[in-house]
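Visitor: Provided below are the primary sequence and the corresponding predicted coordinates.
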Amino acid sequence: RSNIVSVAPFLTKLQRDSATPLPVLRYVADAMTTDMRAGLATDGGSDLKMILSYVDCLPSGNEKGLFYALDLGGTNFRVLRVQLGGKQERVIATEFEQVSIPQELMFGTSEELFDFIASGLANFAKKEGGKFHLPHGRIREIGFTFSFPVKQTSIDSGILIKWTKGFAVSGSAGRDVVACLNEAMERQGLDMRVSALVNDTVGTLAGARYWDDDVMVAVILGTGTNACYVERIDAIPKLRGPESFSGRTIVNTEWGAFSNGIPLTEYDRDMDAASINPGEQIFEKTISGMYLGEIARRVLLKMAEVGDIFGKSVPEKLSTPSALRTPDLCAMQQDNSDDLQSVGSILYNVVGAESSLSARKIVVEASDAIVKRGGHLAGAGIVGILQKMEEDSSGLIFGKRTVVAMDGGLYEHYPQYRRYLKEAVTELLGLEISKNIVIEHSKDGSGIGAALLAATNSKYD
Ligand code: ADP
């Protein structure tokens, strides 16, 4: 049915254009290191924004008391409370609730959105009881995870640069988002206070660090991607401000904007041109969950149009942007059967394509090429961060146990991606050094992480 001979050259070209042999990975890792340095030197000096978190004190395990976290980063917001019992008792209890944000509020005014969030928080706080208690005379403190671009100005303030992810809220760009929330809480008569404004990656690092002092880097690989790490204050030339007590802080790299040396295919270029942010977030577009499926769809569409991989006609659904998603690629790659039965049914169910066995094999190989590049580049990015830290403080990373805390649906659910990521790290660092680099999934670190940062930045200490 399908003319596989005519398709094979497309697969070969895809594999060649997206190849990530060791020299390419080394170049990417080194470029990541260089771009990090440039971003630390001056604002706007690099693709990497290297945003300061103003976190001075990392969680140690000694934190005690009741703290709240509020997480706003998409179409839901989450509220959480945690009772911390110090080194011995650790996390005594947690509770959380998730509230979905009505569509109209995403296009409304800033007051409307923050009033809605404050009232959700008030409802949740009302139900506090049982194992949770606040000492007399104290106000409830919140760690606020806000996953939109913010120029942080202190641990508890930050200016919203712009809304993203489909939000178009009027009247808050250029404003301090903590002030927006505080004012809304006041309007609700809710006596709570934000003690820490936290990026989600920073929250993940803090949450993982609470359990393990060797955590130095956190990476999110979900719909999008980002990474942060523990940096020395004296290695941040652009930092001017209050004295630091610990001499260290967390830097949010915003590495999704990295672009140096990434091997791109015609499909990447077309996808980028059709995106809402052409020319931006190139690293993110090659490694994160929102895009891998879409790149594969574009490859298959080309193979159907020019090479009739799925027979004489092009399946109609294959022309719909985002029709094939990353979880579909992942599901297809789990098929180990000889006849690739489930690959066939996924292709049929998702894009309406009838496929021969040889067509299915090509689909799996094309998917693998895309996922391999993604995992490899993510791994090279991690090595870029680790080698930057090691260059500045010899012996800090290499030769001792170092943990990279990973979170996000892509990393969590895609075994081949995880394998490629670790493969790149091992190839770049060598067996001896990479043995001590622990790359591990940190489950919902970011929620508790924000509450922990409220604790380490408590107004009462
Ligand atoms: P977000 O990044 O949106 O906050 P998640 O961390 O849960 O949320 O990541 C969701 C993303 O993870 C999805 O967009 C998808 O790309 C990816 N993902 C989810 N499930 C799977 C899966 N089974 N296989 C591969 N990727 C997945």
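Guide: Alright, I've got the coordinates. Residues are numbered from 1 along each chain as shown.
Visitor: the helices in the stretch 151-300 of the chain, which residues?
Guide: Counting by DSSP state H, counting those that start in this stretch, the stretch 151-300 of the chain has helices at residues 177-187, 200-209, 266-273, 282-287, 289-305.
Visitor: packed most tightly, which of those helices would that be?
Guide: helix 200-209 (a mean of 30; mean count of other Cβ atoms under 10 Å). Any C-beta I mention is one placed from the backbone N, CA and C, and that applies to glycine too.
Visitor: tell me which helix or strand comes right after the top helix by length along the chain.
Guide: Criterion DSSP state H: the longest helix present in the chain is helix 357-392. Using DSSP states H and E, the next helix or strand after helix 357-392 towards the C-terminus is strand 402-407.
Visitor: give the contact list for the closest residue to residue 17 other than its chain neighbours.
Guide: Distances taken as Cβ to Cβ, 6 or more residues apart in numbering place residue 265 nearest to residue 17, at 4.1 Å, with adjacent residues excluded. Counting by Cβ atoms under 8 Å, 6 or more residues apart in numbering, residue 265 makes contact with 13, 14, 17, 18, 295.
Visitor: recalculate using a threshold of 10 Å.
Guide: 13-18, 271, 286, 295, 298-299, 369-370, 373 (Cβ atoms under 10 Å, 6 or more residues apart in numbering).
Visitor: go ahead and confirm residue 184 touches residue 109.
Guide: No: look at residue 184 against residue 109 with Cβ atoms under 10 Å: they stay out of range, at 11.3 Å.
Visitor: overlap in contacts, those two.
Guide: Residues touching both residue 184 and residue 109 by Cβ under 10 Å, 6+ apart: residue 115.
Visitor: quick check: residues of the chain near the ligand?
Guide: Residues of the chain found near the ligand (Cβ under 6 Å from any ligand atom) are 74, 222-224, 289-290, 326-327, 330, 408-410, 413-414.
Visitor: of those residues, grab the buried ones for ChimeraX.
Guide: Remark: buried members of those, expressed as a ChimeraX selection using 16 or more other Cβ atoms under 10 Å:
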select :74,222,223,224,289,290,326,327,330,408,410,414
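Visitor: can you redo the residues of the chain next to the ligand as JSON lines with pLDDT?
Guide: Shown next, in JSON lines, are the residues of the chain next to the ligand (pLDDT from 0 to 100):
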{"residue": "74", "pLDDT": "79"}
{"residue": "222", "pLDDT": "93"}
{"residue": "223", "pLDDT": "90"}
{"residue": "224", "pLDDT": "91"}
{"residue": "289", "pLDDT": "96"}
{"residue": "290", "pLDDT": "94"}
{"residue": "326", "pLDDT": "98"}
{"residue": "327", "pLDDT": "98"}
{"residue": "330", "pLDDT": "98"}
{"residue": "408", "pLDDT": "93"}
{"residue": "409", "pLDDT": "94"}
{"residue": "410", "pLDDT": "97"}
{"residue": "413", "pLDDT": "97"}
{"residue": "414", "pLDDT": "98"}
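Visitor: nearest to residue 400, of the residues of the chain next to the ligand?
Guide: Closest approach between the residues of the chain next to the ligand and residue 400, by Cβ to Cβ: residue 408, at 26.2 Å.
Visitor: distance of the nearest residue to the closest one once chain neighbours are set aside from residue 393?
Guide: In space, and not counting its chain neighbours, residue 408 is closest to residue 222: 3.2 Å by Cβ to Cβ, 6+ apart. Residue 222 is 30 Å from residue 393, where distance means Cβ to Cβ, to the nearest Å.
Visitor: any regions of this protein where pLDDT drops low?
Guide: Scanning the chain for pLDDT under 70 picks out the ranges 1-4, 242, 444-446.
Visitor: got the domain ranges for it?
Guide: Taking automatic domain parsing as the reference, the chain has its domains at 1-51+212-443, 54-198.
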